[in-house]
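A.B. asks: With the input below, show me the fold.
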Amino acid sequence: MARLRYVKTLEQVKQAAESNPEFLESTVRSIRTVYETDPGIVSAVLPRPLEPAERPEVCATFSHVAMHISPELTIEIGSAVFGVKATYDGVEGIYLITMPMTTEQAVIGGRETYGEPKKIAQIDFEKDGDSVSAVVTRMGVPYLEARGTVGASRGARDFTEFGYCYKALPACEKESAGFDGDPLLVRLEWKHQHSMSAPVEGELLLRESPFDPVADLPVRKLVSMEYEEGTTESNGRVLRPVPGEWLLPFLHQRYDDPGAPGIDV
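C.D. replies: Numbers count the residues shown, from 1 in each chain. The predicted model follows:
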């Protein structure tokens, strides 16, 4: 009898879903930064029905993640999150503009399950004594970097954080600039349990890249920078469908589009 691994039984599918790395506990070390940018930029970068949060803040988090697949198997990756604070239905979260990841497995699961704007990147995360740094590089450009000195620990903390993204299927037909069905607004939920967190005295650097134009959201004031260690559990759910024209002006940002002309704000 031959064994065919391209097909599973429904019971095997159920078991695989229960062990999906997207939903498993992970051990994380992170540099978490928040900065203020121009209010007009935050408003312009948000697709409806998301609305700007009270303050025009951008979040950039760099992480080394150990995903615990089983007692015998742990997968280590680098990840980063870059997005602006936004609200929907009274719940504040981060609208995810780009999420570079170091492995294909991390990219595929997040993009297909949630619509997360993930891309393959090189992420160098280092901690040497009190010095900590992280650099995200794509297409040869080190476009996002944080570095600094870790201060005294503030102890443990637990909190829940939310993210917003859109799950969408671009149209198959070459002539169409729309979608095969309405995009879906998704809210992610990250449950953080930090064994320690500490302030970081340092800087966040945004460098010009035609593929990842984070420099278009300039740093006007660094609000906070922290180093943290602990665990994170993630999940998400669909909130509602949205008209395709609401998302279409923003969709190209999840792909490499160096010819994008941009808009004046």
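A.B. asks: I'd like the average pLDDT over the helix or strand where residue 202 lies.
C.D. replies: Using DSSP states H and E, the element containing residue 202 is strand 184-206. The average pLDDT within strand 184-206 is 96.
A.B. asks: What ranges does the stretch 1-150 of the chain have for its helices?
C.D. replies: Per DSSP state H, counting those that start in this stretch, the stretch 1-150 of the chain carries helices over the ranges 10-18, 39-45, 104-114.
A.B. asks: what stretches of this structure score poorly on pLDDT?
C.D. replies: Within the chain, the segments meeting pLDDT under 70 span 18-25.
A.B. asks: So residue 224 is in contact with residue 31, correct?
C.D. replies: No: with contact defined as C-beta atoms under 8 Å, residue 224 does not reach residue 31; the gap is 11.0 Å. In this view, the C-beta of every residue, glycine as well, is placed from N, C-alpha and C.
A.B. asks: now the closest residue to residue 63 other than its chain neighbours: how far from residue 117?
C.D. replies: Spatially, and ignoring its direct neighbours in sequence, residue 63 is nearest to residue 30 (4.3 Å; C-beta to C-beta, 6 or more residues apart in numbering). Relative to residue 117, residue 30 is positioned 19 Å away (C-beta to C-beta, to the nearest Å).
A.B. asks: go on, residue 224?
C.D. replies: Between residue 224 and residue 117 the distance is 23 Å, computed by C-beta to C-beta.
A.B. asks: Just give the nearest non-adjacent residue to residue 191, would you?
C.D. replies: residue 233 is the one closest to residue 191 (C-beta to C-beta, 6+ apart), at 4.6 Å.
A.B. asks: what about that neighbour, is that helix, strand or coil?
C.D. replies: The assignment at residue 233 comes out as strand when based on DSSP: H, G, I helix; E, B strand; the rest coil.
A.B. asks: I am finished for the moment; much appreciated.
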